[in-house]
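[1] Provide a 3D model corresponding to the input given below.
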Amino acid sequence: MEKLDQEYESTEVHSFLPDGGTVSTDDVIEELFRNRTWKYTALVLSLMVNWFAAPSVVYITAFAGINPTEETKWTCMSERCRNITASNSSLLLKFPCEITEEVEGKTELVLKSSDIKWEMAHSSFAVEFDLNCNIGSTKERKTLLSSIFFAGALTGLFLGSFIYDQIGRKKSAWIGYVSCVLVTLLGTFCHDYYFLLVIRFFQGISTFICSTALYILTVELLPAKYRNYVTSWSMFLWASGGIPIATGVGYFVKDWNYMFLASSIIYIIFNLQVIICIESPRYFLIKGDAKSAKMSIKALAALTKSNLDVDKVELEDLEKSRAREQSFWQQLVDLCSYPVLLVETLLQMFMWFFIGMSYYGFNFGWGAILPDRYLGYLMGAVGEAIAYVTVAPLIALIGRRRSMMLLFVLSAVFYLIGIANVELKENSKWTLESVSCLFGIVFISACFSTVYLWTAELAPTSHRGFVFSVSSSAARIGSFLGPYIFQNLKPITHKAVPLGGLAFLAVVCAFASFILVETGDKEIALTGEDVATRRKHYKYRL
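    Numbers count the residues shown, from 1 in each chain. Coordinates of the predicted model:
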């Protein structure tokens, strides 16, 4: 940190003019950050604390819907159950999921959740809604409760493509924050499968509107050299704090309805910064509102030791934004006018799709990959924490583009290793696949961190909210499919099918990374025209 500050201080060319002239927004942000106090640092770091709370909402169904096992004891609760077992006492020795009958050509359970009482440490919506046995479509219906969250996230990000660049980053985050708290609280009173589906859908909408808006805001308040570290900080919070807390809620809260209550309280506490954060001056500039942009800069300057007087200078980015009217229609026109912007956006969307599918395939599939569900989430969290700590210096050393190529190739290697059918210890259920997947989550998590940063820098300010929304929407489509990889596809095919498919897609993503440009040494583009100019003289090198 001191070294970077010295680099700033040693810069001979200073772009701020005391009596007139123009200055870029990048120079303003660098000036503010160079003269920051603990207040400015706290503001920037606090915006990412949202990532500490989000996992408790995302993964709640993985813990609230645990299935009883064959070792779980049960007793009759209804008169119907007592009558059935009285006529055939051997049924008491059977696992209830094995007691079925044919009704109109369909296999159905004889004993429903209303007939029996399971002696489980935690209550479960899977038991309450008769989703705990793989009979008919019950497994798919249960998986849908995890996947529908990402359908909601997709919807939220579609809405975000309108609101992030139209009403601002702060207002968008506020809408997502309040909505997520309210809809998660409803889970406390839920006792219907379809009501829970609706809750999960709206959790997806609100959570991703809030987290994406806060990330865009954070990136726009930082100089290029620091975005990498703050991105790693946010991802580290997700893994080292958020996932263990989500696991803790699932382990210590015994009633599945109260798990939703606990998650809503966590989300309230760790998102209070939404109320006090300052809107990005870049957003106001792209809207052509110089007055509000300068007010935002002044509010940020109050958190620093800077004597910057923005009333005496003209913000040069304002001239570019005045030549175009910021609107959703104009964003679409720019995609046609600047094909390079369209191509870069499509490549990012593909990478986000693959990362989302892989990441959530693992994190909703640890119960099928590792011997113990809770151990799987904790070990996965450790792997993610390692990824987020190590990826920051890696990016600083070799850049965004080379880091992504390397990480995708390494993830492909470990997917292929996992195909081998090797049991590491007899009767332990630990296999080469288990270990390979733990390594795989490390590299995919590192890709997850890097693609967030890279997208923020590749997209121009005029399209940052739009590109984030469509890219993250692609990831939500992948995330929707992810839980089916290990929970549904793996049991009915050879494991070479899911793992080999993931390895192939990882290699394709490595090639897509090669095509994109390095951004760590460049200023943030303001419009599509800047993106086209940035690409003109770029040379592709490994």
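[2] pretty sure residue 344 sits against residue 512.
    No: using C-beta atoms under 8 Å, residue 344 is not in contact with residue 512, being 9.9 Å away. Any C-beta I mention is one placed from the backbone N, CA and C, and that applies to glycine too.
[3] so which residues of the stretch 201-350 of the chain form strands?
    Counting by DSSP state E, counting those that start in this stretch, the stretch 201-350 of the chain has strands at residues 314-315.
[4] any low-confidence regions in it?
    By pLDDT under 70, the weakly predicted segments of the stretch 201-350 of the chain are 240-243, 316-328.
[5] so where do the helices sit in it?
    224-236, 243-252, 256-269, 273-276, 281-286, 290-301, 317-322, 328-337, 339-363 (DSSP state H, counting those that start in this stretch).
[6] now the first one: buried residues?
    Which is helix 224-236. Of all the residues in helix 224-236, those buried under the rule 16 or more other C-beta atoms under 10 Å are 224, 226-236.
[7] with the second one instead?
    Buried residues in helix 243-252, counted by 16+ other C-beta under 10 Å: 243-251.
[8] do the fourth one as well
    Applying a neighbour-count criterion of 16+ other C-beta under 10 Å, the buried positions in helix 273-276 are 273-274.
[9] give me the distance from that helix to the chain's centre.
    Centroid separation for helix 273-276 versus its chain: 20 Å, with C-alpha atoms, centre = their mean, to the nearest Å.
[10] packing partners for that helix?
    On a contact count with 3 or more C-beta pairs under 8 Å, 6 or more residues apart in numbering; DSSP states H and E, helix 273-276 meets helix 38-47, helix 169-186.
[11] after the first one, next one along is what?
    Tracing the chain C-terminally past helix 38-47 and defining elements by DSSP states H and E, one meets helix 50-58 next.
[12] which helices and strands sit right next to that following helix?
    helix 193-220, helix 224-236, helix 243-252, helix 256-269.
[13] from the buried residues of helix 224-236, which is closest to residue 172?
    Comparing the buried residues of helix 224-236 against residue 172 with C-beta to C-beta places residue 234 closest, at 17.1 Å.
[14] can I get the helices and strands packed on helix 50-58 in TSV with distance to residue 278?
    Compiled in TSV, the helices and strands packed on helix 50-58 are given as follows (distance: least, C-beta to C-beta, whole Å):
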stretch	distance to residue 278
helix 193-220	9
helix 224-236	16
helix 243-252	28
helix 256-269	21
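[15] out of those, which comes closest to residue 469?
    It's helix 193-220; of the helices and strands packed on helix 50-58, that one is closest to residue 469 (C-beta to C-beta) at 7.1 Å.
[16] the closest one vs helix 169-186, what angle?
    150 degrees (axes from the mean of the first three to the mean of the last three C-alpha atoms, to 10 degrees).
[17] show me what helix 193-220 is packed against.
    helix 38-47, helix 50-58, helix 138-163, helix 169-186, helix 224-236, helix 281-286, helix 432-458, helix 464-484.
[18] just checking, what packs against the helix or strand just after the second one?
    Read it as helix 50-58. Next in sequence after helix 50-58, counting helices and strands by DSSP H and E, comes helix 60-64. Under the contact definition 3+ C-beta pairs under 8 Å, 6+ apart, helix 60-64 sits against helix 138-163, helix 243-252, helix 256-269.
[19] what comes into contact with the shortest one?
    Spelled out, it's helix 243-252. Applying C-beta atoms under 8 Å, 6 or more residues apart in numbering, the set of residues contacting helix 243-252 from outside is 52, 55-56, 58-60, 62-64, 122, 259, 262-263, 266, 374, 377-378, 380-381, 384.
[20] check contacts around the nearest residue to residue 170 once chain neighbours are set aside.
    Nearest residue to residue 170, sequence neighbours excluded (C-beta to C-beta, 6 or more residues apart in numbering): residue 279, at 4.5 Å. Applying C-beta under 8 Å, 6+ apart, we find residue 279 in contact with 168-170, 217, 292, 296.
[21] gap between stretch 206-221 and the chain center?
    Counting by C-alpha atoms, centre = their mean, stretch 206-221 comes out at 11 Å from the chain centroid.
[22] kindly report the same for stretch 52-62.
    11 Å.
[23] I'd like the average pLDDT over that stretch.
    Mean pLDDT, stretch 52-62: 85.
[24] ok, stretch 25-41 next?
    88.
[25] buried residues in that stretch, which are they?
    25-36, 40.
[26] quick check: which ranges of the stretch 1-150 of the chain have low pLDDT?
    1-21, 136-137.
[27] about what we covered before: among the buried residues of stretch 25-41, which are in helices?
    25-34, 40 (DSSP state H).
[28] for the helices of the stretch 201-350 of the chain, which one sits closest to residue 436?
    Closest among the helices of the stretch 201-350 of the chain, once you apply C-beta to C-beta, is helix 339-363, at 11.1 Å.
[29] give me the buried stretch members for the closest one, please.
    In helix 339-363, counting by 16+ other C-beta under 10 Å, buried: 340-342, 344-345, 347-363.
[30] which strands and helices sit next to it?
    helix 328-337, helix 373-417, helix 432-458, helix 464-484, helix 496-515, helix 528-536.
[31] recalculate using a threshold of 10 Å.
    helix 50-58, helix 138-163, helix 328-337, helix 373-417, helix 432-458, helix 464-484, helix 496-515, helix 528-536 (3 or more C-beta pairs under 10 Å, 6 or more residues apart in numbering; DSSP states H and E).
[32] need the ones you listed in CSV with mean neighbour count, can you?
    Below are those laid out as CSV (neighbours: other C-beta atoms under 10 Å):
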stretch, mean neighbour count
helix 50-58, 26
helix 138-163, 22
helix 328-337, 15
helix 373-417, 20
helix 432-458, 25
helix 464-484, 25
helix 496-515, 19
helix 528-536, 18
